[in-house]
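Peer 1: Return a 3D structure for these sequence lines:
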Amino acid sequence: MKVKLSFLLLGICLNILILRSQNIDLLENIYEQSYNYINSMLKDSVPLSFRDAVFISEYAYYDGMLDTQLINEQYETICRLINGLSQSELITYTEKDKDIITKHAAIFKVLTDTILIPVDSLLIYEHKPLTYDFEDPLGQADWTKMFVSKLLKTRKGNCHSLPYLYKILADQFNIPCQLAFAPNHIYIKLFSEKSGWYNTELTSGTFPIDAWIIASGYVTIDAIRNGLYMDTLRNKQAVANCLVDLAQGYQHKYGKDNPEFVIKCCNKVLEYHPTNVNAILTKAEAQKHYIHSLMKAKNLKSPEALFSDENIKNMYAEMESLYIELHKSGYRRMPEEMYSEWLNLLRSEPDKYINKSLSQ
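Peer 2: This next block holds a predicted model:
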């Protein structure tokens with residue numbers, strides 16, 4: 001199976017090379033171009049591709065220096081393994097969606113298990129599973145820890161890159177796959193004729209029940225009811241969410257003093273996914289930081305002192321509204337240390353939280 005990054009991404013590469021040769025303000029242009037390409041997908045001007053949207057957002061952070069050759073090599077190897085396993089008797093399943101479920105089982109096995117493949121009578125190829133990177137799991141010190149490209153290079157990932165790669169692979173094999181949000185977390189929701197909807201968790205290689213999500217202590221009934229958490233993202237919403245990644249990468253790279261690009265990205269996401277908790281938070285936090293930085297620069301103690309500028313006054317009002325609506329919708333901020341403890345529940349209490357019918 002031969003798979004390459006699309007002409008869309010290659011087109012960005014070419015445009016960036018042209019910008020380099022012209023010595024234009026490359027940094028801003030890469031992010032603007034990346035935004036425009038993803039927006040073109042959302043407007044159906046170019047084919048919708050979650051894979052392209054993911055790599056485009058990472059490409060911008062790397063200033064156009066992403067090693068696409070290495071990514072392709074690793075990606076092709078994984079796809080070949082999945083293709084081979086999906087044509088074997090990998091699972092015992094007799095429902096009409098057997099082909100879909102077998103492919104999902106193959107993806108899951110390749111990502112989470114060791115696979116031994118005889119090359120000849122003497123040589124055996126050992127494919128090792130991708131693993132969870134416990135160091136800086138939220139990418140606060142190193143934003144590239146969130147990247148699928150980093151995952152493919154190092155074979156270590158987190159709750160962002162691992163489910164992203166799973167969906168990219170599911171799309172590659174034309175089988176349905178939905179992303180879902182939990183606090184500080186992304187996981188996979190799948191459907192089978194036999195079991196209905198079920199969760200797939202790549203950080204631990206298990207199939208947790210919904211009670212595990214709720215056990216975090218930061219998923220309220222209102223947050224579920226209002227679509228902040230545990231709801232499935234449609235394909236266009238998943239692509240739109242890559243603009244949140246683009247915006248957050250921009251902040252990690254250039255700081256938070258200029259919120260204009262970040263707000264533009266988040267506004268576009270919210271057009272397609274009004275309850276996207278990551279977009280709402282990123283936008284509100286960008287506005288808050290900008291207003292606080294202005295107060296600090298002018299040695300002001302109250303934001304109201306800035307309200308002679310109508311734009312700042314409106315920004316502050318919108319920021320307040322976003323935080324109020326988030327709270328009313330059931331959002332509660334989850335500390336990083338609690339996040340780590342929550343992930344470990346699947347390891348420390350598997351009998352309580354793992355879907356036994358899928359784990360046998």
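Peer 1: Can you show me the helices along the stretch 151-300 of the chain?
Peer 2: Using DSSP state H, counting those that start in this stretch, the helices of the stretch 151-300 of the chain run over 161-172, 210-214, 221-225, 235-254, 260-272, 277-297.
Peer 1: got these as JSON lines, with mean neighbour count columns?
Peer 2: C-betas here are computed from N, CA, C, even on glycine. Below are these laid out as JSON lines (neighbours: other CB atoms under 10 Å):
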{"stretch": "helix 161-172", "mean neighbour count": "23"}
{"stretch": "helix 210-214", "mean neighbour count": "18"}
{"stretch": "helix 221-225", "mean neighbour count": "15"}
{"stretch": "helix 235-254", "mean neighbour count": "22"}
{"stretch": "helix 260-272", "mean neighbour count": "19"}
{"stretch": "helix 277-297", "mean neighbour count": "19"}
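Peer 1: And these, which one averages the lowest pLDDT?
Peer 2: Of all these, mean pLDDT reaches its minimum on helix 210-214 (a mean of 89).
Peer 1: Can I get that one in CSV? Just the C-alpha atoms.
Peer 2: C-alpha atoms of helix 210-214 as CSV (Å, rounded to 0.1, in the frame of the first residue of the first chain):
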residue,chain,number,x,y,z
ASP,A,210,-18.2,5.8,30.1
ALA,A,211,-17.9,5.5,33.9
TRP,A,212,-14.2,6.0,33.6
ILE,A,213,-14.7,9.4,31.8
ILE,A,214,-17.1,10.5,34.5
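Peer 1: Any chance you could list what contacts it?
Peer 2: Applying CB atoms under 8 Å, 6 or more residues apart in numbering, the external contacts of helix 210-214 come out as A182, Y187, N199, E201, V219, Y229, M230, L345, L346, K352, Y353, I354.
Peer 1: Filter these down to the buried ones.
Peer 2: Buried by 16 or more other CB atoms under 10 Å: A182, Y187, N199, E201, V219, Y229, M230, L345, L346, Y353, I354, out of those.
Peer 1: from these, which has minimum pLDDT?
Peer 2: Lowest pLDDT of the buried ones among the contacts of helix 210-214: L346, 75.
Peer 1: which two from the buried ones among the contacts of helix 210-214 end up farthest apart in space?
Peer 2: Y229 and I354 (19.6 Å; CB to CB).
Peer 1: check contacts around N39.
Peer 2: By CB under 8 Å, 6+ apart, N39 lies in contact with L243, K268.
Peer 1: how close does it get to T112?
Peer 2: According to CB to CB, to the nearest Å, N39 and T112 sit 34 Å apart.
Peer 1: now swap in F55 and tell me
Peer 2: Taken as CB to CB, the span from F55 to T112 is 23 Å.
Peer 1: go on, V54?
Peer 2: Taking CB to CB, one finds V54 at 20 Å from T112.
Peer 1: Sheet-wise, list the partners of the lengthiest strand in the chain with their directions.
Peer 2: Longest strand in the chain, counting residues (DSSP state E): strand 185-192. Counting by DSSP bridges, the strands paired with strand 185-192 are strand 178-182 (antiparallel), strand 196-200 (antiparallel).
Peer 1: and it, how far from the chain's centre?
Peer 2: Put simply, strand 185-192 sits 12 Å off its chain's centre (CA atoms, centre = their mean, to the nearest Å).
Peer 1: Show me what that strand is in contact with.
Peer 2: 95, 97, 100-101, 104, 159-160, 163-164, 166-167, 176-180, 197-202, 213, 232, 339.
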